[in-house]
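A.B. asks: Sequence and predicted structure, then a few things I'm wondering about:
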Amino acid sequence: MNYEEFKKYVKSEKIDKNIFLLYGEEVFLKSHGKKELLSRISPDGMEEFNVFAYDGRKYDLTSVKEAIEALPVFSDTKLLLFSNTGVFQTTGKDAATKEYRTFWEDIIDEIPQEVYIVFDEEKIDKRSSLYKKLLKKESVVEFSYLSEEKMISWTAGLFKTMGKIISPHDAKYLIEITQDGMTSVKREAEKIAAYTQGKTSVTRQDINDVTVPVVENRVFDMVDALLSKNAAGALKMLNDLLILKEDETRILGAISSNADKLLTVKLMSDDRADKTVIASKTKIAPFIVSKYITLSSKYKADDLKNLLSRCVEMDRMFKLSRGDKAVILQTFIADFSQSL
């Protein structure tokens, strides 16, 4: 299920499922969806005996099994909530151990109907057998980022609830410089609304006065300056980041990541892939993919490949050199801008 389907399901007359997996990058929607679900399935009494919450990868499996098997106390239902268990991952540091994954794979088909289980996960692996089991049960809900159009509309609506008017163009700008979805936009919108007390319209200048762009967005502009041979502009952006105490290794990683995404977007755009396909392939949020398409069209694939190659060299220098990483970055930017 996607969010729209889930909303309709939660508002339906009967909740006929008792196991749910909630996941997805749009945490604002996931939090809201989880709240709506719990309002429908939470036990109607004796919560201390009928509601159990588990956070993280390590919890007592014996107590979980007992909670599942024991009858509800003065209630028709029981609720078990799990957050970031890692049982839907098969590899990586965040994956649960085989013992935990096997436990759920063995018991998931035997959960009594009066017991509700909700998994709230940050990361999942769609190849995992447990995920596939819940997918067959139609118990998986994905909270994806909104499209660019829906995000702009939602942002304008959010400002309207605060008595403010923002143009679609400026709403798009705010979305792009925050980059992290609805939670970040809501936080910044509340700050902007407080800053513009006494005014109805929100301007681009109001946004710039209040909102500090995320590092990734600043680096995106730096890459543009690099590729356009604007060494002075790129160096100023770098120095601004250094003044804010941003880590040099993180800055280099962001340069490399942006260059990689731009190259992939360019190649896909040249093959006439649409924005939805590009966003899915590159893991770029749908509401900012258009700016990657626009920027990638300005440069040659070879220039982007060259920047990626230089980033690999820089990473090697960072690991081998005992010199000042800030100076190494500054030299890299100056040299690269002149070498194109």
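C.D. replies: In hand now; what should we look at? Numbering: from 1, shown residues only.
A.B. asks: and residue 261, what element?
C.D. replies: Taking DSSP states H and E as the criterion, residue 261 maps to helix 248-270.
A.B. asks: Give me the residues contacting the following helix or strand past that helix.
C.D. replies: As assigned by DSSP H and E, the chain's next helix or strand after helix 248-270 is helix 275-282. Contact with helix 275-282 is made by 147-148, 261, 264-265, 268-269, 273, 284-286, 289-290, 292-293, as judged by C-beta atoms under 8 Å, 6 or more residues apart in numbering. Yep, even glycine has a C-beta here, placed from its N, CA and C like the rest.
A.B. asks: and of those, the nearest to residue 213?
C.D. replies: Proximity of these to residue 213 (C-beta to C-beta) peaks at residue 285, which lies at 14.8 Å.
A.B. asks: Identify the residue nearest that closest one in space, chain neighbours excluded?
C.D. replies: Closest residue to residue 285 apart from its sequence neighbours, by C-beta to C-beta, 6 or more residues apart in numbering: residue 145 at 4.6 Å.
A.B. asks: Please list all residues in contact with that neighbour.
C.D. replies: 25-26, 151, 181, 285-287.
A.B. asks: ok so, going back, pull out the buried residues from the helix holding residue 261.
C.D. replies: For helix 248-270, a neighbour-count test (16 or more other C-beta atoms under 10 Å) marks 248, 251-266, 268-269 as buried.
A.B. asks: how close does residue 38 get to residue 14?
C.D. replies: With distances taken as C-beta to C-beta, to the nearest Å, residue 38 is found 17 Å from residue 14.
A.B. asks: Just want to know which of the two has more residues nearby.
C.D. replies: residue 38 (15 against 7; other C-beta atoms under 10 Å).
A.B. asks: so that one sits right up against residue 118, yeah?
C.D. replies: Yes. Taking C-beta atoms under 8 Å as the definition, residue 38 is a contact partner of residue 118 at 7.5 Å.
A.B. asks: which residues do the two both contact?
C.D. replies: Common neighbours of residue 38 and residue 118, using C-beta under 8 Å, 6+ apart, are residue 79.
A.B. asks: Would you mind measuring from the residue nearest to residue 285 to residue 169?
C.D. replies: Going from residue 145 to residue 169 by C-beta to C-beta gives 20 Å.
A.B. asks: can you check residue 258 too?
C.D. replies: 23 Å.
A.B. asks: again with residue 250
C.D. replies: Per C-beta to C-beta, residue 250 is found 31 Å from residue 169.
A.B. asks: swap in residue 129?
C.D. replies: With distances taken as C-beta to C-beta, residue 129 is found 47 Å from residue 169.
A.B. asks: and what of residue 278?
C.D. replies: 22 Å.
A.B. asks: okay, these two: which has more neighbours?
C.D. replies: Between residue 278 and residue 169, counting by other C-beta under 10 Å, residue 278 is the more crowded of the two (23 against 9).
A.B. asks: Tell me who's in contact with the residue lying closest to that one once chain neighbours are set aside.
C.D. replies: In this structure, residue 278 finds its nearest non-sequential neighbour in residue 268, 5.1 Å apart by C-beta to C-beta, 6+ apart. Contacts for residue 268 (C-beta under 8 Å, 6+ apart) come out as 277-278, 281-282.
A.B. asks: Could I get the phi/psi values of residue 121?
C.D. replies: Phi and psi for residue 121, reported as degrees, to the nearest 10, are phi -120, psi 140.
A.B. asks: Count the neighbours of it for me.
C.D. replies: Around residue 121 there are 20 residues (other C-beta under 10 Å).
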